[in-house]
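S.K.: Structure for the following, please:
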Amino acid sequence: MEGRPQRLGRPAPRFQAGSTLYSGLAEWLVSCISQGSYAIGDRLPSIRSLSASLEVSVNTVRQAYELLERRRYIDCRPQAGYFVRREPPPEPAPAPADRRLRPAELPFCRIYAEIKKRSGSPESAAMGLALTSPDLLPGDRLGSIMADLMRRRPADMLDLCVGPGDRELRRQIARIQLDAGIAGAADDIIVTNGCSEAVYLALAALCRPGEVVALESPAYFNFFEVLRELGLKALEIPSDPRDGLNVDVLRFAIEHHSPSACLVTPSFSNPSGSTMPDSSKLELVGILGAAGIPLIEDDAHGYLSWSASRPPAAKSFDRSGNVIYCGSFTKTLGAGLRLGWILPGRHAERIARLKAALNLAGASLSQAAAAAFLDAGGWARHLRRQRSAFATRVGAMRDLVAEAFPPGTRVSRSNGGILVWVELPSHLDADELFEAALAEGILFAPGSIFSASGAFRSHLRLNGSLSGPGVETALRRLGELACGLEKTVP
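M.R.: Numbering: from 1, shown residues only. Below is the predicted model:
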């Protein structure tokens, strides 16, 4: 029989000022679970039953249950209801404390340099970078388009593409951005040399040397390189491996450290694959807008959802122009095209000047080819093919890691992207594993490079878009090295 809160003798929830009704209800249910009112495996009251007994709306209970499901306190079983999970949720992020949350200077990263130097065509080396496997890119179709463009318009293709970029490509970008919930005109868009240049331009426009930038932790390792070269400090905000950046800690950071900008990857973050819930994206945009702190949104992986539609961008919740959106075709059409874009909003003039100073023009051929590919309707078909392959390959790599790596190893769970974020048992050091694997020509990205402080030393990132016997052999060998490393730990 379903439990009812009154039957258990727990007082009805009282919500703190400023909390949403559903989040307050969720916290009350957590207290019921932690104090034993609901045991592991127990079925929770139905949505309608709890709505009636607590005199709140059905939608409030549904949102509370969805929040607890995201936080992994409960499971939803189709046709059966909601149940307390049999495995505990992950440890929460540490409570914000000034002694733990400090801006960090950024030293040169030797491991990052080694990854760039050694990564190449061998599959075992390609595991170190977040690049889509070549067999999942539309190489043949793009090659045919480029050949046709060179035959028909050779002078145009060999000329400079100055200004904000190819007009037709910007028109096509404006069209596909609608999938992310972003309504913007072609004239709002500046084509960049990949997403990293877009992020660089945004940071250079917004920040001065010595200032602080808040970003999630773990974060894409190249962001730290960009911050270092611009003379900026990193303020790392803890991130949940499923739900992304901790907005409560960000509030604390805003009050105590006054960052000049906030850099976040809300959808399929690199390296963890986390995606912020829509409610958290809305909250993120709101608190930064209220504080007057620009949000730089990196959406390089946003179109890599495994479902029929992608998550909405944080930019879709922006009504004040405070979000600078950075997109990319690197994962979908190919890194070698070097195509990204930026929606600079009210910073357009400054960013356009910086772009012109950094590189006067873009590549005409790759921009025109991408525009023709999108215009021909190839984008939607291509994404459907990629989504299916990514889901299959990442799932297979997760399973192989679970089989070959030491007991106690945990693997991230996301609903999109190409990355596999692995957590070894806490007593193992992924930097030591990196050195052992490097000697055998196997490359991966150790977790320490995804933090300015060198945290996540028991973590590593793998490229889950890869497939084939060579990848499986390398991954099994990596598991053997990790198991061997475990034997050396006292």
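
S.K.: Quick one: residues contacting the closest residue to Gly165 other than its chain neighbours.
M.R.: In space, and not counting its chain neighbours, Gly165 is closest to Val191: 2.7 Å by CB to CB, 6 or more residues apart in numbering. C-beta coordinates here come from the backbone N, C-alpha and C atoms, glycine included. Contacts for Val191 (CB atoms under 8 Å, 6 or more residues apart in numbering) come out as Cys161, Pro164, Gly165, Asp166, Leu169, Arg170, Ile173, Leu339, Gly340, Trp341, Gly362, Gln367.

S.K.: ok, the fourth one touching Ser364?
M.R.: This means Asp166. Yes: at 7.1 Å, Asp166 counts as touching Ser364 under the criterion of CB atoms under 8 Å.

S.K.: neighbour-wise, which of these two wins?
M.R.: Using other CB atoms under 10 Å, the more surrounded residue of Asp166 and Ser364 is Asp166, with 25 against 20.

S.K.: distance of the more buried one from Gly416?
M.R.: As judged by CB to CB, to the nearest Å, Asp166 and Gly416 stand 28 Å apart.

S.K.: go on, Asn322?
M.R.: 26 Å.

S.K.: Whichever strand or helix holds Asp75 pairs with which strands, parallel or anti?
M.R.: Under the criterion of DSSP states H and E, Asp75 resides in strand 74-77. According to DSSP bridges, strand 74-77 has the following sheet partners: strand 81-84 (antiparallel).

S.K.: tell me the mean pLDDT over the strand it pairs with?
M.R.: Across strand 81-84, pLDDT averages out at 88.

S.K.: Check the offset of it from the chain's centre.
M.R.: 28 Å (CA atoms, centre = their mean, to the nearest Å).

S.K.: on that earlier part again, what strands flank the helix or strand where the residue nearest to Gly165 lies, and is each parallel or antiparallel?
M.R.: Using DSSP H and E, Val191 sits in strand 190-192. Its sheet considered, strand 190-192 pairs with strand 340-343 (antiparallel) by DSSP bridges.

S.K.: pull the longest helix from this protein.
M.R.: Counting residues, the longest helix found in the chain (DSSP state H) is helix 378-404.

S.K.: What residues of it count as buried?
M.R.: 378-379, 382-383, 386-387, 389-391, 393-394, 396-398, 400-401, 404 (16 or more other CB atoms under 10 Å).

S.K.: cool, stretch 438-454 as well?
M.R.: Leu438, Ile442, Leu443, Phe444, Ala445, Pro446, Gly447, Ser448, Ile449, Phe450, Ser451, Ala452.

S.K.: The closest residue in space to the third one that isn't next to it in sequence - how many residues pack around it?
M.R.: The one in question is Leu443. Distance criterion CB to CB, 6+ apart; nearest residue to Leu443, sequence neighbours excluded, is Gly128 at 3.6 Å. As a burial measure, Gly128 scores 26 neighbours (other CB under 10 Å).

S.K.: surely Gly128 meets Asn463?
M.R.: Yes: using CB under 8 Å, Gly128 makes contact with Asn463 at a distance of 7.3 Å.

S.K.: Would you reformat the buried residues of stretch 438-454 as JSON lines and include distance to Leu44, pLDDT and secondary structure?
M.R.: Below are the buried residues of stretch 438-454 laid out as JSON lines (distance: CB to CB, whole Å; pLDDT from 0 to 100; DSSP: H, G, I helix; E, B strand; the rest coil):
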{"residue": "Leu438", "distance to Leu44": "49", "pLDDT": "86", "secondary structure": "helix"}
{"residue": "Ile442", "distance to Leu44": "46", "pLDDT": "89", "secondary structure": "coil"}
{"residue": "Leu443", "distance to Leu44": "46", "pLDDT": "88", "secondary structure": "coil"}
{"residue": "Phe444", "distance to Leu44": "40", "pLDDT": "91", "secondary structure": "coil"}
{"residue": "Ala445", "distance to Leu44": "40", "pLDDT": "91", "secondary structure": "strand"}
{"residue": "Pro446", "distance to Leu44": "40", "pLDDT": "93", "secondary structure": "strand"}
{"residue": "Gly447", "distance to Leu44": "35", "pLDDT": "93", "secondary structure": "helix"}
{"residue": "Ser448", "distance to Leu44": "40", "pLDDT": "91", "secondary structure": "helix"}
{"residue": "Ile449", "distance to Leu44": "41", "pLDDT": "91", "secondary structure": "helix"}
{"residue": "Phe450", "distance to Leu44": "36", "pLDDT": "93", "secondary structure": "helix"}
{"residue": "Ser451", "distance to Leu44": "37", "pLDDT": "91", "secondary structure": "coil"}
{"residue": "Ala452", "distance to Leu44": "41", "pLDDT": "87", "secondary structure": "coil"}
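
S.K.: which among those gets closest to Arg477?
M.R.: Comparing the buried residues of stretch 438-454 against Arg477 with CB to CB picks out Ile442 as the nearest, at 6.3 Å.

S.K.: That closest one and Val471, how far apart?
M.R.: 10 Å.

S.K.: ditto for Val58
M.R.: Val58 is 47 Å from Val471, by CB to CB.

S.K.: Specify which residue of these two has the higher count of neighbours.
M.R.: Between Val58 and Val471, counting by other CB under 10 Å, Val471 is the more crowded of the two (23 against 13).

S.K.: Point out where this protein drops to low pLDDT.
M.R.: 1-21, 23, 70-71, 86-125, 487-490 (pLDDT under 70).

S.K.: Mark out where each domain of it begins and ends.
M.R.: 5-84, 110-134+380-488, 139-377 (automatic domain parsing).

S.K.: Please work out which of these is packed deepest.
M.R.: domain 139-377 (a mean of 20; mean count of other CB atoms under 10 Å).

S.K.: Can you give me the end-to-end span of it?
M.R.: 16 Å (CA to CA, to the nearest Å).

S.K.: starting at the chain centroid, how far to it?
M.R.: So, by CA atoms, centre = their mean, the centroid of domain 139-377 is 12 Å from its chain's centroid.
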